[in-house]
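# from the sequence below, what's the structure:
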Amino acid sequence: MHNFALINIEPHFPVCCPVFQFCQIALQSGSILHGTYSFAQFCVISKNRNSTFHAGCAALQSDLTKLDNWAANWKMRFNVDKCKVMHFGRNNINANYLLNGSVLGVSLMEKDLGVFVDNKLSNARQCHSVATKANKVLSCIKKGIDSRDENIILPLYRSLVRPHLEYGGQFWTPVLKKDINELERVQRLQLNW
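Here you go, the predicted model:
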């Protein structure tokens, strides 16, 4: 497994602000040299450090400095309290990164696009969250619908419960038996009606 750091950057202005589009343009203009993706008000910068640790850390810090300079030129700033670093890999040196002269906080788990990601790439938290949401929806269906007719319950299950179980499944597919059992328990509950 290659070691890399993931840096989540959140600008210090509202989502609806058109200025954020300039930030996305800066990221896409080529001034940032390494992997980036942005969604809504978030931006993620990543660097796969398969050459040397220190070169990768320096490259990430360089990108952060460029973003900081770009924001200063446009009279903006990033909310450093909401910017986080997540380190992946066993041999990661867990370098500190600076933005606006402040050290970015280290995060062990983040929720990105509705999916929990932790630094060990474990899916346990995501599986538990999905099972809890699906159970709550199943409970509402059970309490709110008197009929147990298959023609009524099955479309409700397909439209209200299954999306919770399937959203982002390509990324967080459960591997451990306990996680698989937790999700299958939700499906068995629906069959017991």
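
# center of this protein, which residue is that?
Per C-alpha atoms, centre = their mean, the C-alpha nearest to the average position across the chain is that of Asp112, at 1.8 Å.

# now do it against Phe171, distance only.
According to C-beta to C-beta, to the nearest Å, Asp112 and Phe171 sit 9 Å apart. Quick note: C-beta positions are derived from backbone N, CA and C, even for glycine.

# just the strands in the chain please.
Using DSSP state E, the strands of the chain run over 4-9, 35-39, 42-48, 84-88, 98-99, 102-103, 105-106, 109-112, 115-118.

# look at Phe4 and report its pLDDT.
Looking at Phe4, its pLDDT reads 49.

# worst-scoring helix or strand of this structure, pLDDT-wise?
Ranked by mean pLDDT, DSSP states H and E, the weakest helix or strand in the chain is helix 19-28, scoring a mean of 46.

# so where's the chain shaky on pLDDT?
1-43, 46-53, 193 (pLDDT under 70).

# got the domain ranges for it?
Domain ranges of the chain: 4-107, 124-191, per automatic domain parsing.

# those into JSON lines, with extra columns for distance to Phe116 and mean neighbour count?
Formatted as JSON lines, the domains of the chain follow (distance: least, C-beta to C-beta, whole Å; neighbours: other C-beta atoms under 10 Å):
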{"stretch": "domain 4-107", "distance to Phe116": "11", "mean neighbour count": "16"}
{"stretch": "domain 124-191", "distance to Phe116": "4", "mean neighbour count": "14"}
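
# distance to Val117 added to those, as CSV?
As requested, the domains of the chain are arranged in CSV below (distance: least, C-beta to C-beta, whole Å):
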stretch, distance to Val117
domain 4-107, 7
domain 124-191, 8
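
# ok, which of those domains comes nearest Asp118?
In terms of C-beta to C-beta, the element of these nearest to Asp118 is domain 124-191, at 6.5 Å.

# what are the boundaries of the helices in this protein?
Under the criterion DSSP state H, the chain contains helices at 19-28, 53-73, 124-144, 150-156, 162-166, 169-172, 177-191.

# neighbouring contacts of the shortest one?
Same thing as helix 169-172. Contacting residues not belonging to helix 169-172 are listed as 115-116, 123, 126-127 [C-beta atoms under 8 Å, 6 or more residues apart in numbering].

# Asp68 and Phe78 touch, don't they?
Yes: using C-beta atoms under 8 Å, Asp68 and Phe78 qualify as a contacting pair, with a distance of 7.1 Å.
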